[in-house]
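Participant: Please find the sequence and the predicted model below.
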Amino acid sequence: MNDLPGDEEIARINSEHLISTPLRPADLLFVFGTRHGARETVEAAVDFWRRGFFRHAIVSGGVTFGDIRTECSVIKDGMVAGGVPEALILEEHRATNTGENVIFSLPVIDATLGRTTIRSVICLGKICTARRYPMTLQRHWPEVEKMLTTINPFGTPVERWHEDPAFRARVLLEWRKIEPYKARGFIADWP
């Protein structure tokens, strides 16, 4: 894999992958678990709560190497400490990847809220994965309106991602998953 993308690939990644959408209040905030960036994820979720951007949230993420707590537990505890009512946060503790985040969370949403009562979802996750969050949701839950917002845990401005070796490696890894994942049916095109 070439680690130094050319100007054309950088431009495509910037316009097609490292995106967010305009946000409006949604029925559900879907928080994709992470260890790297958990603090930023919590801060964003708490900010969205304070600004009235969601009625319920689901936090999805299992145990990661080196920790006995799940990503869900770490993020949910932070959200509650920040003022989000605990009763409004649904939990999914098994997922180890984006596909499992969605697949394992849908039954929780259905059993607790009923999927048909959810009309809009804000996806919250790391910038490097960006559009793959709503594309994964689109594959498994096409009926719901999807919005996307991301956090940047890298310490380098997003517009300079290609200058930071760690940020660049992660973005390229995630960007290059898109077409193979579409071909295998893991994700679906999302406007």
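Facilitator: Noted; the coordinates are in hand. Residues are numbered from 1 along each chain as shown.
Participant: can you pull the pLDDT of the residue nearest the centre of the chain?
Facilitator: By C-alpha atoms, centre = their mean, the chain has its centre lying nearest to Gly125, at 2.8 Å. Looking at Gly125, its pLDDT reads 97.
Participant: Walk me through which strands the strand or helix carrying it pairs with, and which way each runs.
Facilitator: Using DSSP states H and E, Gly125 sits within strand 120-126. Looking at strand 120-126 with DSSP bridges, its partner strands are strand 26-32 (parallel), strand 145-151 (parallel).
Participant: hang on, the earlier thing: OK, contacts around the residue nearest to the centre of the chain?
Facilitator: 31-32, 34, 41, 98, 133, 150-151 (C-beta atoms under 8 Å, 6 or more residues apart in numbering). For every residue, glycine as well, the C-beta is placed using N, CA and C.
Participant: what two of those have the greatest distance between them?
Facilitator: Thr98 and Ile151 (15.0 Å; C-beta to C-beta).
Participant: These two: who's more crowded?
Facilitator: Comparing Thr98 with Ile151 by other C-beta atoms under 10 Å, the one with more neighbours is Thr98, at 24 against 19.
Participant: follow-up on the earlier one: list buried residues within the contacts of Gly125.
Facilitator: Those of the contacts of Gly125 that meet the buried threshold are 31-32, 34, 41, 98, 133, 150-151, by 16 or more other C-beta atoms under 10 Å.
Participant: Let me know the closest of those to Ala169.
Facilitator: Thr34 (16.3 Å).
Participant: what residues are up against that closest one?
Facilitator: 41, 61, 71, 75, 125-126, 153.
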